[in-house]
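Trainee: could you look at this predicted model? Sequence included:
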Amino acid sequence: MKHFAVIGLGNFGFSAAKSLFEDGHEVLAIDVDKARVQAIDPYATEAVVLDATDKEALKSLGLENTDAVIVSAGTKISTSILICLYLQEIGVKKILAKALDDDHAKILKRVGANEVIHPERDMALRVSRGLSRPNVLDFIPLADEFDLVQVGPPREFIGKSLRDLNLRAKYNVHIIAIKELVPENFLLVPPASFVIKDSDILIMLGKSEDIRGIKALK
């Protein structure tokens, strides 16, 4: 289980917080708007009304102990810039921030954001690429209880072959592909003799609860 915080509970922030919570993580949801905080409360470990541009108030939350903080603070550029700056000064390990445009993204990175998100642009790119270059990962129709995910291998998988792990029998999941990073290679339907390395990325299909079981092994 990981610990995340989401600052700003508009459409993007709300959906991010809810998704992380439903995946079994601890989520602290933050917004200056009381109605938004009340709406997210059933889908968060804790939901608080707080002005994140108040540095002392932000420091009181202990965000330096989280695995990551998502900043999705409305349409006022200065707000997200100030929040990212404060999070960086507080010592937050990973900051992901929603950008409104390219210039905004550049500033966010300079003040501490590790990763910048362009929700509308990224979704448009995924849809257009899906139309022009269909990808099996995007177009397999899945029931609600199934997930198709990319995960790093748990420690106990490393150095073992897919045959030895027998994931289908033990965990009810299927490894449909493996991305090798060292050297770079993509293996579709890897053989049972394939030995997993710590630099590999497993592309795994299974029920959501079984996938969560694999992730919990880390």
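Mentor: Here it is on my side, so go on. Numbers count the residues shown, from 1 in each chain.
Trainee: low-confidence ranges, this protein, go.
Mentor: For the chain, residues meeting the criterion pLDDT under 70 lie at 125-144, 218.
Trainee: mind doing that once more with 80?
Mentor: 1, 74-75, 120-147, 182, 218 (pLDDT under 80).
Trainee: for it, which segments count as helices?
Mentor: For the chain, the helices defined by DSSP state H occupy 11-22, 34-40, 55-59, 77-90, 102-110, 119-132, 136-139, 162-165, 167-171, 208-216.
Trainee: also compute the angle for the first one relative to helix 208-216, please.
Mentor: What separates the directions of helix 11-22 and helix 208-216 is an angle of 80 degrees, with axes from the mean of the first three to the mean of the last three C-alpha atoms, to 10 degrees.
Trainee: mind giving me the packing neighbours of helix 11-22?
Mentor: Counting contacts by 3 or more C-beta pairs under 8 Å, 6 or more residues apart in numbering; DSSP states H and E, helix 11-22 packs against strand 3-7, strand 26-31, helix 34-40, strand 68-71. Bear in mind the C-beta positions are built from the backbone N, C-alpha and C, glycine included.
Trainee: what of the fourth one?
Mentor: Under the contact definition 3+ C-beta pairs under 8 Å, 6+ apart, helix 77-90 sits against helix 55-59, strand 68-71, strand 95-98, helix 102-110.
Trainee: which segments of this structure make up each domain?
Mentor: Per automatic domain parsing, the domain ranges recorded for the chain read 3-122, 138-216.
Trainee: buried deepest among those domains, which one?
Mentor: Stretch with highest mean neighbour count among the domains of the chain: domain 3-122 (a mean of 18; mean count of other C-beta atoms under 10 Å).
Trainee: what distance separates the opening and closing residues of that domain?
Mentor: Start to finish, the residues bounding domain 3-122 are 25 Å apart (C-alpha to C-alpha, to the nearest Å).
Trainee: tell me which of the helices of the chain sits nearest to residue 28.
Mentor: When the helices of the chain are compared by C-beta to C-beta, helix 11-22 sits nearest residue 28, at 8.7 Å.
Trainee: ok and that closest one relative to strand 3-7, angle-wise?
Mentor: Between the axes of helix 11-22 and strand 3-7, defined by the same axes, to 10 degrees, the angle is 160 degrees.
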